[in-house]
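K.L.:
give me a 3D structure for the following:
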Amino acid sequence: MNPKVGLTASVLTLGFSVVFFLLVSGGAALLAGRPGENTALVFELPISPTALPSVAPARPAASPSPQPARPLVSPTPAQLFFRCNDGTRLVGTSRTGACEGRGGIALVSEVPLPADDPVASTPVAPASTVAPPAAPSPTPPPTPSPNEPPSGDPPPSPTPTSVMSFAPTAPNAPQEGAASTPQPADGTAAAPTATATVTSVPATSTPTATPTPSPSATARPEVTVVLPEQQPQLPSGNPASRSSIAGLWHKPIEDDIFLGRIVESGAGWVRTFLTWEDVEPTETSPPSYNWSASDRAIRLLRERGVQPLVNIVDPPSWAAFPTCGPFRSTAMQDRWLQFVRAAVERYSQPPYSVRMWMLYNEPDFRIQNPNDKFGGGWGGGCWGNHPTEYGAMLRATYPVIKAADPAAVVVMGPLAADGCGASFNCAFLREVLDPAKGNAGGSFDVASFNYFPFFRRNWEQFGTSLLGKAEGFRRTMAEVGVAKPVLVAETGIVLDGTPATATAQANYVAQALTLGLVDAGRPDGRGVQAVIWFTLRDSDDPNDRWGLLSPSGEVKPPFVVYQTWVKELAGLRFVRTESEPTYGTSPARVCDSGPYFCDALQKYVFASGDLEKWVLWIDAGPQRQGDRYLTSATRTVEAPADRMIALRDRNGATVGYEVQNGRARFVVGDSPLYVTLRR
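P.N.:
Residues are numbered from 1 along each chain as shown. Reported below is the predicted structural model:
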């Protein structure tokens with residue numbers, strides 16, 4: 001060999017070795033982080049989920065003996081993997097702007113970095129194993145375990161741990177507080193885009209013994225991240241099945257666009273109205289009825305597989321005045337009975353097949369103006385000063401309906417039972433049932449009420465939110481010896497023009513339906529039969545926006561939430577609750593003043609076959625001050641990782657979560673989450 005060539009090769013070899021040693025040593029020092037710091041694994045994800053990396057087995061670094069393989073994030077073409085000086089891990093395609101605001105780039109690699117090892121060049125053993133002793137080598141010594149303080153330094157004090165959570169949103173999905181955009185008629189939506197957020201979770205302050213690792217082995221906990229696209233997606237389009245409990249309030253029915261939206265929603269029920277005055281505006285003998293409008297409305301619902309809950313309201317003024325209250329005479333009550341019999345005989349048969357009939361709306365309303373057609377109210381019911389007469393009407397009407405259709409279900413008109421005093425008679429239910437007054441305990445099949453969270457404190461002593469009013473009604477009936485199921489005929493939150501109520505309205509859709517399904521699972525058969533959302537669409541009045549749709553039928557955020565709830569929970573049964581109470585005694589914080597509690601974790605468990613579903617949220621509680629519907633509180637919740645199938649948000653988008661020591665960990669806030677597990 002030429003001596004010059006040999007010398008040159010030796011110098012190059014030595015130089016390359018020195019550079020390699022410095023790179024590895026520097027990488028170890030930079031990746032080790034600051035002593036005592038507990039830093040979480042955080043990803044900032046690309047814009048499209050198709051660009052997100054998938055999880056694949058790692059290739060272990062060279063070692064004297066084989067190390068157990070661990071999952072790493074494998075790259076897509078042209079991706080770079082960064083470690084910032086503040087400990088953040090990033091995935092990107094360019095060095096430009098990477099780690100900006102994070103102390104600059106500490107390390108960049110074209111191959112994936114281990115998910116939780118502070119030194120990229122050191123292989124990591126899973127938490128359940130111990131790495132074998134390392135053989136002598138010229139490489140730098142291994143970095144101490146996160147639980148082992150460096151020599152000469154005091155043990156680290158507990159510090160908050162950052163827990164990663166994802167908030168995927170569909171690019172074209174309507175956002176709270178923003179202008180709504182119509183979704184396709186078939187309910188399809190664009191693929192969700194995932195963004196990453198970090199929630200600080202306080203570490204425990206209880207001192208714990210730190211095990212001293214042996215000189216020859218160090219065990220490190222394994223942390224992996226399950227990304228949204230690695231989980232099963234909900235099917236797009238219409239729900240595969242309808243909910244037996246979810247309903248909608250809508251009037252009129254015949255608008256084609258809204259019929260389509262009803263089908264897309266997955267609702268099993270629609271509360272619709274049969275107005276006596278519209279069918280028989282003029283008193284004739286014999287009676288003459290015009291059924292054309294109601295024929296079409298009910299038929300269109302039945303053709304689409306939706307059950308109509310027919311609410312009979314408003315006699316003509318020749319039979320009653322105000323038209324929401326008692327009849328003019330006994331003869332006029334007889335005309336009412338003739339009309340009811342004709343309606344039930346007609347609509348109990350195919351193609352209509354109506355089974356549920358409701359008599360008036362909010363009959364506990366007190367007449368404010370006897371000279372007004374609707375008694376100074378909004379129509380539908382104003383028997384508040386006449387509970388005995390309303391009881392008599394029920395006693396007369398119930399056998400007529402049962403004679404026309406023995407399978408019919410008769411629902412007492414839904415009571416407000418709030419706003420007591422001049423507007424509503426809050427003793428109405430007890431007085432209607434009292435044998436000494438209305439004596440109507442045997443003249444209906446289901447009691448019903450309208451519930452709005454604004455009045456939540458009136459019922460919280462009996463249960464959380466909607467559950468409290470349902471239980472309060474059952475207790476009132478029990479006082480007079482009546483045991484009947486209940487139905488929520490209206491519930492909702494009205495927008496006040498702020499993003500906060502838009503968010504609260506969307507959250508409450510899933511919360512209300514979940515609570516209704518919980519109550520429906522009562523073993524005594526006296527649970528909630530349906531939860532009717534008020535309303536399907538907004539009115540034209542900008543101050544009266546309760547709907548899931550705009551006045552012209554465009555989809556709003558709560559419509560997507562409603563549709564998602566049906567997809568997640570249709571066909572499931574309630575199993576148990578692991579919720580914190582919101583009244584009496586609770587680990588949650590006191591709301592304004594006791595005994596009400598805010599920020600209580602709500603966890604309801606449902607099941608079907610070999611699947612289990614958790615619905616979770618943080619309940620803002622029955623607050624009086626400030627924003628009564630929302631809270632910034634969060635909790636970190638765990639689930640068995642080996643049973644996890646999917647974690648989804650209220651809109652049905654999958655959410656990423658961490659796995660450590662066999663436990664899946666994710667953050668819960670006031671927006672409901674769905675956890676799907678194997679049983």
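
K.L.:
give the closest residue to Asn369 in space, chain neighbours not counted.
P.N.:
Excluding its sequence neighbours, the residue lying closest to Asn369 (Cβ to Cβ, 6 or more residues apart in numbering) is Gly376, at 3.4 Å. All C-beta atoms are positioned from the backbone trio N, CA, C, and that covers glycine.

K.L.:
which ones are touching that neighbour?
P.N.:
Residues in contact with Gly376, defined by Cβ atoms under 8 Å, 6 or more residues apart in numbering, are 367-369.

K.L.:
okay, and it sits in which element?
P.N.:
Of the helices and strands defined by DSSP states H and E, none includes Gly376.

K.L.:
about what we covered before: could you identify the buried members of the contacts of Gly376?
P.N.:
Among those, those classed as buried by neighbour count (16 or more other Cβ atoms under 10 Å) are Ile367.

K.L.:
hang on, the earlier thing: distance of the residue nearest to Asn369 from Gln368?
P.N.:
Using Cβ to Cβ, to the nearest Å, we find Gly376 at a distance of 3 Å from Gln368.

K.L.:
quick check: Gly521 vs Val409, distance?
P.N.:
19 Å.

K.L.:
ditto for Met332
P.N.:
Where Val409 is concerned, Met332 sits at a distance of 26 Å (Cβ to Cβ).

K.L.:
and what of Ala267?
P.N.:
Applying Cβ to Cβ to Ala267 and Val409 gives a distance of 18 Å.

K.L.:
got a pLDDT number for the nearest residue to Ala240 once chain neighbours are set aside?
P.N.:
Nearest non-adjacent residue to Ala240, counting by Cβ to Cβ, 6+ apart: Lys567, 7.2 Å away. Here, the pLDDT recorded for Lys567 equals 97.

K.L.:
could you measure Lys567 against Trp336, distance?
P.N.:
42 Å.

K.L.:
after whichever strand or helix holds Val410, which helix or strand is next?
P.N.:
Element membership for Val410 (DSSP H and E) is strand 409-412. Following strand 409-412 in sequence order, the next helix or strand is helix 428-433 (DSSP H and E).

K.L.:
let me know the next secondary structure element after that following helix.
P.N.:
That would be, after helix 428-433 and using DSSP H and E, strand 447-451.

K.L.:
okay, that following strand in CSV with CA atoms only?
P.N.:
Output in CSV follows, covering the C-alpha atoms of strand 447-451 (Å, rounded to 0.1, in the frame of the first residue of the first chain):
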residue,chain,number,x,y,z
ALA,A,447,-96.4,12.1,33.0
SER,A,448,-94.4,14.6,31.2
PHE,A,449,-92.5,17.9,31.8
ASN,A,450,-90.5,20.5,30.0
TYR,A,451,-87.0,21.0,31.5
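
K.L.:
what is it packed up against?
P.N.:
strand 409-412, helix 466-479, strand 486-491 (3 or more Cβ pairs under 8 Å, 6 or more residues apart in numbering; DSSP states H and E).

K.L.:
that strand - what's its average pLDDT?
P.N.:
98.

K.L.:
now the angle from it to strand 486-491?
P.N.:
Going by axes from the mean of the first three to the mean of the last three Cα atoms, to 10 degrees, strand 447-451 is angled at 30 degrees with respect to strand 486-491.

K.L.:
got the buried residues for strand 447-451?
P.N.:
447-451.

K.L.:
quick check, Ile298 in a strand?
P.N.:
No: counting by DSSP: H, G, I helix; E, B strand; the rest coil, Ile298 is not part of a strand but helix.

K.L.:
how many neighbouring residues does it have?
P.N.:
24 (other Cβ atoms under 10 Å).

K.L.:
how near is it to Tyr347?
P.N.:
6 Å.

K.L.:
joint contacts of the two?
P.N.:
Shared contacts of Ile298 and Tyr347 (Cβ under 8 Å, 6+ apart): 310, 354.

K.L.:
check which residues of stretch 589-599 are buried.
P.N.:
Neighbour counts over stretch 589-599 (16+ other Cβ under 10 Å) mark 591, 596-599 as buried.

K.L.:
meant to ask about stretch 357-371, not that
P.N.:
Result for stretch 357-371 [16+ other Cβ under 10 Å]: buried residues 357-367.

K.L.:
among these, which one sits closest to Tyr604?
P.N.:
Relative to Tyr604, the closest of these is Met358; by Cβ to Cβ it sits at 27.7 Å.

K.L.:
next SSE after the one helix or strand the closest one maps to?
P.N.:
Here Met358 is covered by strand 356-359, with elements defined by DSSP H and E. Going down the chain from strand 356-359, the next helix or strand is helix 387-404, by DSSP H and E.

K.L.:
which parts of stretch 378-390 are buried?
P.N.:
379-384, 386-390.

K.L.:
what's the closest of the residues you listed to Leu433?
P.N.:
Checking the buried residues of stretch 378-390 one by one against Leu433 (Cβ to Cβ), the nearest turns out to be Pro387, at 9.1 Å.

K.L.:
where's that closest one relative to Glu490, distance?
P.N.:
For Pro387 relative to Glu490 (Cβ to Cβ), the value is 21 Å.

K.L.:
could you do Gly325 as well?
P.N.:
20 Å.

K.L.:
who's more crowded, the two?
P.N.:
Comparing Gly325 with Glu490 by other Cβ under 10 Å, the one with more neighbours is Gly325, at 25 against 22.

K.L.:
OK, contacts around that one?
P.N.:
Gly325 touches 367, 375, 381-383, 386, counting by Cβ under 8 Å, 6+ apart.

K.L.:
same thing with Gln602?
P.N.:
Gln602 sits next to 464, 511, 579-580, 615-619 when contact means Cβ under 8 Å, 6+ apart.

K.L.:
give me phi/psi at it?
P.N.:
Main-chain torsions, Gln602, degrees, to the nearest 10: phi -110, psi 120.
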